[in-house]
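Q: got a predicted structure here, sequence first:
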Amino acid sequence: MSSYFLVEDHELMRHGVIDYLSSHGNYVCTGTAADKEEFFSAMAKGNADSSPDILITDLCFGSDSNGGIKLIRESRTQFPRLKIMVYSMYDTPGVVKAALDSGADGYVCKNSDVASLAAGLKELLQGHSYVDPSLATEVLVFEKKLAMFTKREIDTLNLIVAGKSNDEIAQSLGLQKRAVENYISRIYNKSGMSSRGELSRYWSMQSSGHA
């Protein structure tokens with residue numbers, strides 16, 4: 001029987017996942033937590049029944065919109081053998097890529113059938129990675145588009161997504177404002193987008209809001 005620890009701040013969702021997995025596979029839940037701090041506290045106290053095989057985690061915990069990414073990174077460092085599956089409402093390719101780049105082994109969207117979660121866990125336990133089929137193609141397209149940009153353009157893009165003005169971007173990167181304007185023009189041309197809003201929605205690699 002395989003074990004998992006669930007980090008999810010919605011109580012009904014926690015119960016739903018536990019009930020489904022208990023009746024659709026040989027899984028046992030060794031612990032639950034509502035956020036990153038509770039998870040590491042439980043692991044430190046041994047409340048997770050030594051070491052679970054898989055960590056299933058959301059990405060957003062209350063007001064901490066980036067808590068899941070932090071949890072993944074720290075878990076990968078502290079528990080290198082732990083398989084990490086993200087189970088989140090976020091379906092934008094930038095967020096999925098950020099989670100995978102941070103160390104997640106799999107990603108399933110909550111909008112998918114819950115059977116996708118069980119299928120993903122099975123893949124992880126067999127030593128494979130897993131991305132929800134409804135997201136996989138978009139993530140590949142996103143990665144190809146990202147490869148079009150130079151490092152400086154990516155730096156500029158990240159600051160645009162963070163809501164920085166041209167003046168702030170110039171100051172942060174040590175550039176003249178005119179140079180920043182040129183980089184932004186290239187970003188628009190390469191991406192096929194025409195506004196900061198479009199760029200922020202598509203290229204954001206950080207979850208925002210609640211999921």
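A: Structure's in. What do you need?

Q: centroid residue for the protein?
A: By CA atoms, centre = their mean, the chain has its centre lying nearest to residue 99, at 3.0 Å.

Q: how many neighbours does the closest residue in space to residue 164 that isn't next to it in sequence have?
A: Distances taken as CB to CB, 6 or more residues apart in numbering place residue 172 nearest to residue 164, at 6.8 Å, with adjacent residues excluded. For glycine as for every other residue, the C-beta is placed from the backbone atoms N, C-alpha and C. Neighbour count of residue 172, defined by other CB atoms under 10 Å: 15.

Q: is residue 172 in a helix, a strand, or coil?
A: Three-state call for residue 172 (DSSP: H, G, I helix; E, B strand; the rest coil): helix.

Q: you'd agree it is up against residue 159?
A: Yes: in this structure, residue 172 is within contact of residue 159 by CB atoms under 8 Å, at 6.0 Å.

Q: and residue 154, what does it touch?
A: Residue 154 makes contacts with residue 146, as judged by CB atoms under 8 Å, 6 or more residues apart in numbering.

Q: that one and residue 160, how far apart?
A: Residue 154 sits at a distance of 11 Å from residue 160 (criterion: CB to CB, to the nearest Å).

Q: cool, and residue 78?
A: Using CB to CB, residue 78 is found at 33 Å from residue 160.

Q: so for the two, which residue has more residues nearby?
A: The neighbour count for residue 78 versus residue 160, taken as other CB under 10 Å, is higher for residue 160 (20 against 11).

Q: right, I'll leave it there.
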